[in-house]
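Engineer: Need a 3D model of the sequence below.
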Amino acid sequence: MIRVAHILFSSELGGAEQVAINISRNLSDCYHFTYFSPSGPIQNSVMAERIEYQSFDPKQIIKLKREIEATKPDIIHAHDFKASFLANFLFRHIPIVTHIHQSPLWQTTCNLKSIAFKHVADKSARVIYVSKWAKESYIFQDKLTNTTVIPNGVDIERIKELAYLSIPTAFDLLFVGRLEEVKNPERFVEISKRLLVMFPNLKIGIVGDGSLKERLQSLIRELPQISLLGFQSNPYQYMARAKVVLSTSKSDAFGLTMVEAALLGAIPIAPSIGGIAQTTDELNGIVYASDDALLASLRDIFSDELIYKQFKSEISKIDFTKYGQMRFVNQIRQVYEGVLNDD
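Structural biologist: Alright, predicted model coming up:
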């Protein structure tokens, strides 16, 4: 059986991590996957899907190289920039699939990072971008010949099944994501505080874990309307009962959470940045350019039932088959087959 090693640098479940899990689960009939990442909550998510998991210490790179080599991978699937830089540095004779899930500002200008990534991309067997925007925003994109765009897919039936396994608290406004600077949960809290001035009885939830957890706990200590729910292996049960799922990300190349939210009937709202804005617009959600514009939209939704139902109606018209898992998985399979044939 063909062996694939996923390499990721996050220890928590996020969009890229879920993508790696979905690939491993859906291609397990003809590929054997090993998931490598720093130790953390992600381990439980991976092993729950019966995917082989190995943790590593980012400070012990040589040990990681030996551990990956011990699995005898035919392909290394490196997710995002740090893993891609590392994989291409450590391995010369194993084809590497570089999978870019984000679109940081540095890739839009000529600098040491963007120049270095040009070398990494050239050395990679394939470079996958999750959105057209993420690909085209890279300053040296026109010099690359091995790139492809594969929008993320969601397992529609599985998500719907998980969403109704239990009946948790219903929240009016929900944040779902890693509690890290790139997701900007502090901005979510500030928006929530301003919103609670207008609607003091709203129920607001934050699903996720990360390095900013203690900071958020201190910010919401005097706000009983905001619940910090921590990491949830099944966030869909909360999304299905939320009126709005709000992203405050500083960078997001696709916006997988927005697709999942809309699929479950919540109104997706995202900042006007990168691929997440394109995705949210396609879902008939709301894209905001400023906090004031966002608050105006939220005020309308929470004060006028007709406006809320109108947004719900528009979202219900979306054909989610374009975001289907099998389309995504088949495209990944084609990449793997192409890489092996090239090799």
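
Engineer: ok, now how distant is the residue nearest to Pro200 when sequence neighbours are not counted from Thr257?
Structural biologist: Excluding its sequence neighbours, the residue lying closest to Pro200 (Cβ to Cβ, 6 or more residues apart in numbering) is Gln225, at 7.2 Å. Yep, even glycine has a C-beta here, placed from its N, CA and C like the rest. With the distance defined as Cβ to Cβ, to the nearest Å, Gln225 ends up 22 Å from Thr257.

Engineer: Leu295 against Lys193, yeah?
Structural biologist: No: with contact defined as Cβ atoms under 8 Å, Leu295 does not reach Lys193; the gap is 10.7 Å.

Engineer: mind listing the strands in the chain by residue range?
Structural biologist: 2-7, 31-37, 52-55, 75-79, 96-100, 126-129, 147-149, 173-176, 204-207, 226-230, 244-246, 267-271, 286-288 (DSSP state E).

Engineer: Can you name the residues in contact with the first one?
Structural biologist: Read that as strand 2-7. Applying Cβ atoms under 8 Å, 6 or more residues apart in numbering, the contact partners of strand 2-7 are 20, 23-24, 30-37, 68, 71-79, 83, 86-87, 336, 340.

Engineer: Give me the sheet partners of it and which way each runs.
Structural biologist: strand 31-37 (parallel), strand 75-79 (parallel) (DSSP bridges).

Engineer: gap between the first one and the chain center?
Structural biologist: Centroid separation between strand 31-37 and its chain, computed with Cα atoms, centre = their mean, to the nearest Å, is 18 Å.

Engineer: quick one, which of the strands paired with strand 2-7 is packed in tightest?
Structural biologist: strand 75-79 (a mean of 27; mean count of other Cβ atoms under 10 Å).

Engineer: for Phe36, what are its contacts?
Structural biologist: Shown in contact with Phe36 (Cβ under 8 Å, 6+ apart): Ala5, His6, Ile7, Leu8, Gln54, Ser55, Phe56, Leu64, Glu67, Ile68.

Engineer: what's the answer for Pro38, then?
Structural biologist: Phe9, Ser10, Ser11, Ser55, Phe56, Asp57, Pro58.

Engineer: thinking again about what came up before, in CSV: the strands paired with strand 2-7, plus mean pLDDT.
Structural biologist: Listed next are the strands paired with strand 2-7 as CSV, based on pLDDT from 0 to 100:
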stretch, mean pLDDT
strand 31-37, 98
strand 75-79, 98
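
Engineer: will you turn those into CSV that also has distance to Phe91?
Structural biologist: Below are the strands paired with strand 2-7 laid out as CSV (distance: least, Cβ to Cβ, whole Å):
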stretch, distance to Phe91
strand 31-37, 12
strand 75-79, 6
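
Engineer: how much space between Ile100 and Tyr308?
Structural biologist: 36 Å.

Engineer: I misspoke; the intended subject was Ser290.
Structural biologist: For Ser290, the distance to Tyr308 (Cβ to Cβ) stands at 22 Å.

Engineer: Give me the contact list for the helix ranked longest in the chain.
Structural biologist: Taking DSSP state H as the criterion, the chain has its longest helix at helix 325-342. Helix 325-342 has contacts (Cβ under 8 Å, 6+ apart) with 2, 4, 22-23, 26-27, 31, 74-75, 95, 97, 125-126, 128, 148, 150-156, 158, 321.

Engineer: ok so, going back, return the residues in contact with the residue nearest to Pro200.
Structural biologist: So Gln225 contacts Ser192, Leu196, Pro200, Asn201, Leu202, Lys203, Ile204 (Cβ under 8 Å, 6+ apart).

Engineer: related to what we said a few turns ago, now the angle between strand 75-79 and the longest helix of the chain, please.
Structural biologist: Per axes from the mean of the first three to the mean of the last three Cα atoms, to 10 degrees, the angle that helix 325-342 makes with strand 75-79 is 130 degrees.

Engineer: could you give the mean pLDDT of helix 325-342?
Structural biologist: For helix 325-342, the per-residue pLDDT values average out at 94.

Engineer: Helices of the stretch 1-150 of the chain, residue ranges please.
Structural biologist: Here the stretch 1-150 of the chain has its helices, by DSSP state H, counting those that start in this stretch, at 15-26, 42-48, 61-70, 80-90, 112-123, 132-136.

Engineer: Comparing Ile100 and Tyr308, which residue is more hemmed in?
Structural biologist: Ile100 (25 against 16; other Cβ atoms under 10 Å).

Engineer: Okay, and the beta partners of that one?
Structural biologist: Bridge pairing for Ile100 - DSSP bridges - gives Tyr129.

Engineer: now Gln54
Structural biologist: On the basis of DSSP bridges, Gln54 is bridged to Phe36.

Engineer: Quick check: the gap between it and Lys123.
Structural biologist: 24 Å.

Engineer: Check the burial of the closest residue to Gln43 other than its chain neighbours by counting its neighbours.
Structural biologist: The shortest distance from Gln43 to any non-neighbouring residue, by Cβ to Cβ, 6+ apart, is to Tyr53 (5.7 Å). For Tyr53, the neighbour count with other Cβ under 10 Å is 20.

Engineer: I'd say Tyr53 and Asn44 touch.
Structural biologist: No: assessed by Cβ under 8 Å, Tyr53 is found out of contact with Asn44, at 9.3 Å.

Engineer: what comes into contact with stretch 141-158?
Structural biologist: 15, 19, 22, 26, 118, 121-122, 124-132, 134-135, 138, 254, 256, 259-260, 263, 320, 322-329, 331-332, 335.
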